[in-house]
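Predicted coordinates and the sequence they were generated for:
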Amino acid sequence: MSYSYYNELTKWKDFDFERYFDLVSEEEILVSIEKDRLSIYDYLNLLSPKAQKFLEKMAYRAYKITRQYFGNVISLYIPIYVSNYCTSNCIYCGFSKKNHIVRRHMKFEEIEKEAEEIAKSGIENILLLTGEAKGLVDKEYLKGAIDKLKKYFSSVSIEVMPLEEKDYKYLVENGLDGFTVYQETYDENRYAEVHLSGEKKDFKYRLATPERGAKAGIRSIGIGALLGLGDIRSDAFKTGLHLKYLIENYPNSEFSISFPRVNKAEGNLKDSYIVDDITFVQIILANRIFQPSAGITISTRETPMMRDNLLKLGVTKFSAGSKTEVGGYSHNNQSTPQFDITDNRDVKDIVESIRKKGLEVKFKEWEILK
């Protein structure tokens with residue numbers, strides 16, 4: 001089994017980020033902001049604490065790049081949680097095996113009922129999520145769920161446990177358009193500390209997941225880190241480096257990136273790093289300037305104000321009307337949510353907010369509604 005990006009990642013294992021950030025000059029940062037093609041060291045410059053002095057310049061540059069590559073369009077998607085059983089013990093997650101929560105696993109007819117309710121929103125891009133319960137959620141269960149969702153949505157993506165390349169191929173043949181997988185943290189030692197047991201404990205296998213999906217022909221692939229689990233700037237850098245690697249090596253897939261911040265969940269994480277708003281915005285801007293053509297997704301973990309303010313500064317994908325509990329839309333035997341949502345606005349309110357910014361809303365991949 002190949003762990004191609006792992007080989008790249010290990011080159012940065014002993015890199016002294018603090019020393020680099022201490023030595024970088026303001027002049028070097030200003031040059032990096034204006035470059036058309038950034039090196040990985042330019043990207044580091046934009047992530048440095050000193051770059052916060054130039055956030056306004058970064059924001060203007062990010063705005064121009066976003067309009068150039070994506071126009072005035074924001075794509076909407078909506079998540080559907082169909083199972084919250086999990087065989088992994090992750091100390092930061094509400095679905096963790098150790099947590100005593102209300103568990104649910106939807107049958108296909110229940111998924112269709114939920115889909116009917118969600119479809120009323122008008123959004124046609126849906127993301128199916130489950131806990132990482134190997135055996136309970138397999139390729140046949142996912143195929144059955146995709147079959148139901150395809151009746152109501154033009155595009156179906158998944159965020160589930162990592163799969164083998166052959167399983168991704170099977171799902172592509174049966175209507176899958178995309179998938180998202182978060183590495184959570186790119187610090188292998190920290191990863192071991194927060195993933196105590198279960199399938200998810202395998203750092204290298206998870207890291208290679210986007211490549212297996214790309215080789216299987218998946219059209220759209222999203223990656224990300226859960227900011228706050230590990231050193232913030234190191235994780236941000238290594239996530240961006242991962243994105244660069246994927247874009248350069250798998251041109252037939254579209255890639256996007258996301259940086260959700262640690263939020264309240266069942267069994268709340270006690271030793272997380274604090275990701276302040278300024279640093280969070282800096283990371284979004286740096287990634288837009290570094291990878292102009294990549295999508296950037298902003299989570300409902302963020303406040304309405306934060307999400308709205310980032311709309312013109314690099315974000316291209318926006319979730320709306322999200323529920324993180326199984327059965328959350330049809331309100332039938334609700335379960336414990338994976339995490340608490342901060343932006344609780346419904347789809348109508350979010351669409352109105354986007355349009356007030358002078359942007360267009362895309363409800364499905366090939367149609368823009370003004």
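Now that the structure is in, tell me what you want to look at. Quick caveat: nothing in here was measured; it's all calculated off a predicted structure. Numbering: from 1, shown residues only.

Do I have it right that residue 224 meets residue 239?
Yes - applying C-beta atoms under 8 Å as the test, residue 224 and residue 239 come out as touching, 6.3 Å apart. The C-beta positions use only the backbone N, C-alpha and C, and glycine is treated the same way.

Name the residues contacting each of those two.
183, 257, 259 (C-beta atoms under 8 Å, 6 or more residues apart in numbering).

helix/strand/coil for the second one?
When you say that, I think you mean residue 257. Of the three states, residue 257 takes strand according to DSSP: H, G, I helix; E, B strand; the rest coil.

Can you give me the distance of the residue lying closest to it once chain neighbours are set aside to residue 165?
Among residues not flanking residue 257 along the chain, residue 243 sits closest, at 5.1 Å (C-beta to C-beta, 6 or more residues apart in numbering). In this view, residue 243 and residue 165 are 20 Å apart by C-beta to C-beta, to the nearest Å.

Would you mind telling me which of those two has the busier surroundings?
Neighbours per residue, other C-beta atoms under 10 Å: of residue 243 and residue 165, the larger number sits with residue 243, 23 against 18.

Would you confirm that the residue nearest to residue 257 contacts residue 255?
Yes - Residue 243 is within contact range of residue 255, at 5.9 Å (criterion: C-beta under 8 Å).

what touches both of the two?
Common contacts of residue 243 and residue 255 (C-beta under 8 Å, 6+ apart): 223, 294.

could you say which helix or strand contains residue 281?
According to DSSP states H and E, residue 281 maps onto helix 277-290.

following that helix, which helix or strand shows up next?
Next along the chain after helix 277-290, taking DSSP H and E as the criterion, comes strand 295-298.

In the sheet, which strands lie alongside that following strand, parallel or antiparallel?
According to DSSP bridges, strand 295-298 forms sheet pairs with strand 254-258 (parallel), strand 317-319 (parallel).

so which of these comes closest to residue 345?
Residue 345 sits nearest to strand 317-319 of all the strands paired with strand 295-298, at 10.7 Å, using C-beta to C-beta.

For residue 37, see how far away the residue nearest to residue 301 when sequence neighbours are not counted is.
Spatial nearest neighbour of residue 301, chain neighbours left out: residue 263 (4.5 Å); criterion: C-beta to C-beta, 6+ apart. Relative to residue 37, residue 263 is positioned 35 Å away (C-beta to C-beta).

Neighbour count for these two, which is higher?
Neighbour totals were compared for residue 263 and residue 37, and residue 263 leads with 22 against 7 (other C-beta under 10 Å).

does residue 74 have beta-bridge partners, and which?
Counting by DSSP bridges, residue 74 forms beta bridges with residue 361.

pretty sure it is touching residue 313, no?
No - using C-beta under 8 Å, residue 74 is not in contact with residue 313; the gap is 11.9 Å.

show me where pLDDT drops low in the protein?
Within the chain, the segments meeting pLDDT under 70 span 1-3, 264-271, 331-340, 365-370.

That one: strands as residue ranges?
Applying DSSP state E to the chain gives strands spanning 73-83, 89-90, 125-130, 155-159, 178-184, 195-197, 220-225, 254-258, 295-298, 317-319, 360-364, 367-369.

middle-most residue in this structure, spatially?
residue 258 (3.8 Å; C-alpha atoms, centre = their mean).

Quick check: end-to-end length of stretch 208-221?
Stretch 208-221 stretches 13 Å from its first residue to its last (C-alpha to C-alpha, to the nearest Å).

Between residue 74 and residue 313, which is the more surrounded one?
Neighbour count, other C-beta under 10 Å: between residue 74 and residue 313, residue 74 has more, with 24 against 20.

Identify the residues contacting that one.
Contacts of residue 74 (C-beta under 8 Å, 6+ apart): 311, 315-318, 354, 359-362.

Are any of those residues buried, and if so which?
311, 315-318, 354, 359, 361-362 (16 or more other C-beta atoms under 10 Å).

Reformat those residues as CSV; add distance to residue 249.
Putting the buried ones among the contacts of residue 74 into CSV (distance: C-beta to C-beta, whole Å) gives the following:
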residue, distance to residue 249
311, 30
315, 25
316, 22
317, 22
318, 28
354, 33
359, 32
361, 33
362, 28
